[in-house]
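Engineer: Sequence plus the predicted model coming up.
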Amino acid sequence: MSVLDAFSLDGKTAIVTGGNRGIGRAIATALAEAGADVVVANRNGPAGKTAADELADETGVETLAVECDVADEDAVEAMVEATVERFGGVDILVNNAGIVVHEAMETMTLDEWRDVIDVNLTGTFLCSRAAGREMIENGGGTILNVSSMSAFIANHPQRQVAYNTSKAGLEGFKNQLASEWAEHGIRVNNIAPGYIATDNADQGAEAVENAVDVWKGEMLHEEIASPDALGPTAVYLASDASAYMTGETVVLDGGYTVR
């Protein structure tokens, strides 16, 4: 196998949650360009269908749109069932769906806390369990969780304790699951972006005055990256190019955490 062949995803099927926009769309596109058929899973059915159709037209792979709230156990099970029915199995799961609430700890409601934990952490558990069962039956697979540099730092100047807690939880989840499922040929890794030009970042910028200037002041790169910057690393982690790698996190943050 040549070096470039190791990055090929030909014949693979990938589920990408939150795959209709932002980081999820960029990762879904990258996986498709590497040859994988892609299931776009998200809460907004029409938006997911549009994204899946566009992805198929752009890359020539087979796609499927599935409306799914990752915090809903039944919906997640139905998503995996639809994937298996269409493609015969699941080779790659990208747990990307995530939300953030910008609220100070002292005024955050229990519902706000639960919403973030339910989507970001419980949703990852539910999707990994459902897809992982199929992977175990079929001899292995790859799980990629979209974590965040926020798992390792305190963000400033915005307030987002629930988000940071959920992403820190993904680190422990990744470590333990990689250990438990290694015997089944399932690799589990995280990708941890810094500030990326997405709707979530826009919310943070709107929540606090001069937030973007503060963020850029801590970065080694001059500009905040687009979601496309994550695509090549996602392909690496999903493919045989990283076959010897599990239980690890790749941080892509423009040098933010160096300081």
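Structural biologist: Okay, I see it.

Engineer: Spell out the residue ranges of the helices in the stretch 101-250 of the chain.
Structural biologist: For the stretch 101-250 of the chain, applying DSSP state H, counting those that start in this stretch gives helices covering 110-117, 123-137, 161-181, 199-207, 211-218, 231-238.

Engineer: Looking at the ones you listed, which is nearest to Ile92?
Structural biologist: Comparison of the helices of the stretch 101-250 of the chain against Ile92 by Cβ to Cβ identifies helix 231-238 as nearest, at 4.8 Å. All C-beta atoms are positioned from the backbone trio N, CA, C, and that covers glycine.

Engineer: one step back: switch the helices of the stretch 101-250 of the chain over to JSON lines; also include mean neighbour count and distance to Val84.
Structural biologist: Below are the helices of the stretch 101-250 of the chain laid out as JSON lines (neighbours: other Cβ atoms under 10 Å; distance: least, Cβ to Cβ, whole Å):
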{"stretch": "helix 110-117", "mean neighbour count": "14", "distance to Val84": "28"}
{"stretch": "helix 123-137", "mean neighbour count": "21", "distance to Val84": "6"}
{"stretch": "helix 161-181", "mean neighbour count": "19", "distance to Val84": "18"}
{"stretch": "helix 199-207", "mean neighbour count": "16", "distance to Val84": "31"}
{"stretch": "helix 211-218", "mean neighbour count": "15", "distance to Val84": "41"}
{"stretch": "helix 231-238", "mean neighbour count": "22", "distance to Val84": "18"}
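
Engineer: Output the ones you listed in CSV, with distance to Gly98 appended to each entry.
Structural biologist: CSV is the format used below for the helices of the stretch 101-250 of the chain (distance: least, Cβ to Cβ, whole Å):
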stretch, distance to Gly98
helix 110-117, 8
helix 123-137, 8
helix 161-181, 8
helix 199-207, 7
helix 211-218, 18
helix 231-238, 15
